[in-house]
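Provided below are the primary sequence and the corresponding predicted coordinates.
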There are 2 protein chains.
Amino acid sequence: MQTTQSLWNNSRLNDDVAFWLRLAEMTVMKRVADALRPFELRPALYAVMVLIEANPGRKQHEVGEALRVAASNLGVLMETLARRGLIERERTPGDVRSYALTLTAAGADLLAEVKAALDRVLADTDRIIGDRREPFLAVLSDLAGHTALAPDA
Amino acid sequence: MQTTQSLWNNSRLNDDVAFWLRLAEMTVMKRVADALRPFELRPALYAVMVLIEANPGRKQHEVGEALRVAASNLGVLMETLARRGLIERERTPGDVRSYALTLTAAGADLLAEVKAALDRVLADTDRIIGDRREPFLAVLSDLAGHTALAPDA
DNA sequence: TATTGTTATACTCTATAACTATA
DNA sequence: TATAGTTATAGAGTATAACAATA
């Protein structure tokens, strides 16, 4: 049955970057979400943990900017991770309003496990991408506005 | 301020296709959603209309498969479009259970307007992608499993 | 038995506004 | 005045299961 094939071939969507971007993102993120589920983590929570691990002591709104998560939504994510004992929030000395975010030992341990599990899933997508990885990432970064990589100088 | 830059550079996410895919998709689809809002359409509704226009008479579950939208959710979308008089659902002669989907004249008129508005937005992303368009679309298609393009022969 | 489509419900992520407290 | 973070609420999309009607 090649029903869906002809549907796409007849459609303007076949040439539409936006919707192929959407389909590809859905497919990949679904795999990521499935890999995270056994750890009771969702993509947003995992991304927060990775960023905190790589940048300990950062403030909440800094993590939010990097991940494009609104401050209001990030607060809930942080509360979830803190309540599970995976991250720690300490008031910064300089500014009492903000937190310094770090992973707890339990958080670091869990993250190591998660990364291993996720690597198996992402290895699959890496294989699909093959040697097109670098130019592909470049386009994605450009489309994302690469504000997270190269802010207006 | 280059706060977010260092956050990404220190992070494993910097090399992670899944999350760059997510950021790029969010950025582009936000523009699409903004362009559709004046017409009181959402991305999912627009995609349905385009697919019906290009493939008149198709059944509901066929459109759902092409767009990767579950039948349960697609029914609501169709009801929305039908109630606005943008699509028409006629029972197929061969199978009383299924619908033959077509755009109404009003639906076709609206879609033409929407496409013009959307072209202006997508032209912007096209400019960013430049001559990398073809290989970029190829990777996206591969990641999406290209089941919508080349079903198991 | 399998398929087409519907209904209901829950979950995830995002967006917005109003708010407190501090700088 | 501006910033850091919280709370509440709404919206869009997805996922699942149970269901009726038909093939």
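Sure, I can see it.

Now do the helices in chain A.
Listed from the start of the chain, chain A has helices (DSSP state H) covering A:3-9, A:17-36, A:43-54, A:60-67, A:71-83, A:105-129, A:133-143.

Switch these over to a markdown table; also include mean pLDDT.
A markdown table is the format used below for the helices of chain A (pLDDT from 0 to 100):
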| stretch | mean pLDDT |
| --- | --- |
| helix A:3-9 | 70 |
| helix A:17-36 | 93 |
| helix A:43-54 | 96 |
| helix A:60-67 | 95 |
| helix A:71-83 | 97 |
| helix A:105-129 | 93 |
| helix A:133-143 | 94 |
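
Tell me which of those lies nearest to B:Ala18.
The closest of the helices of chain A to B:Ala18 is helix A:17-36. By CB to CB, the value is 5.1 Å. Yep, even glycine has a C-beta here, placed from its N, CA and C like the rest.

That closest one versus helix B:17-36: what angle between them?
140 degrees (axes from the mean of the first three to the mean of the last three CA atoms, to 10 degrees).

hmm, who's touching helix A:17-36?
By CB atoms under 8 Å, 6 or more residues apart in numbering or on different chains, the residues outside helix A:17-36 that reach it are A:13, A:42-43, A:45-46, A:114, A:117-118, A:120-122, A:124-125, A:143, B:17-18, B:21-22, B:24-25, B:28-29, B:32, B:43, B:47, B:68, B:122, B:125-126, B:129, B:133, B:136-137, B:139-141, B:143-145, B:148.

Next up, phi/psi of A:Gly57, please.
The phi and psi values for A:Gly57, taken as degrees, to the nearest 10, are phi 90, psi 0.

That one: how many residues sit nearby?
For A:Gly57, the count of nearby residues is 12 (other CB atoms under 10 Å in any protein chain shown).

Skip the chain neighbours and tell me the closest residue to the most centrally placed residue in chain A.
Chain A has A:Ala47 as the residue nearest its centroid, 4.2 Å off, counting by CA atoms, centre = their mean. The shortest distance from A:Ala47 to any non-neighbouring residue, by CB to CB, 6 or more residues apart in numbering or on different chains, is to A:Leu67 (5.5 Å).

contacting residues around that neighbour?
A:44, A:47-48, A:51, A:74 are the contacts of A:Leu67 under CB under 8 Å, 6+ apart.

Now, of those, which are buried?
Among the contacts of A:Leu67, the ones that count as buried by 16 or more other CB atoms under 10 Å in any protein chain shown are A:44, A:47-48, A:51, A:74.

do you know how far the closest residue to A:Ala82 other than its chain neighbours is from A:Asn55?
Spatial nearest neighbour of A:Ala82, chain neighbours left out: A:Arg89 (5.8 Å); criterion: CB to CB, 6+ apart. A:Arg89 sits 14 Å away from A:Asn55, going by CB to CB, to the nearest Å.

More neighbours: these two, which one.
A:Asn55 (21 against 14).

and the more buried one, what are its phi and psi?
Dihedral pair for A:Asn55: phi -140, psi 60, per degrees, to the nearest 10.

And it, how far from chain B?
For A:Asn55, the distance to chain B equals 5 Å [CB to the nearest CB, to the nearest Å].

Out of the buried ones among the contacts of A:Leu67, which is nearest to DNA strand C?
Nearest to DNA strand C, judged by CB to the nearest atom of the strand, of the buried ones among the contacts of A:Leu67 is A:Ala44 at 4.1 Å.

Does stretch A:126-141 reach chain B?
Yes. Using CB under 8 Å from any CB of the partner chain, stretch A:126-141 reaches chain B at A:126, A:128-129, A:132-133, A:135-141.
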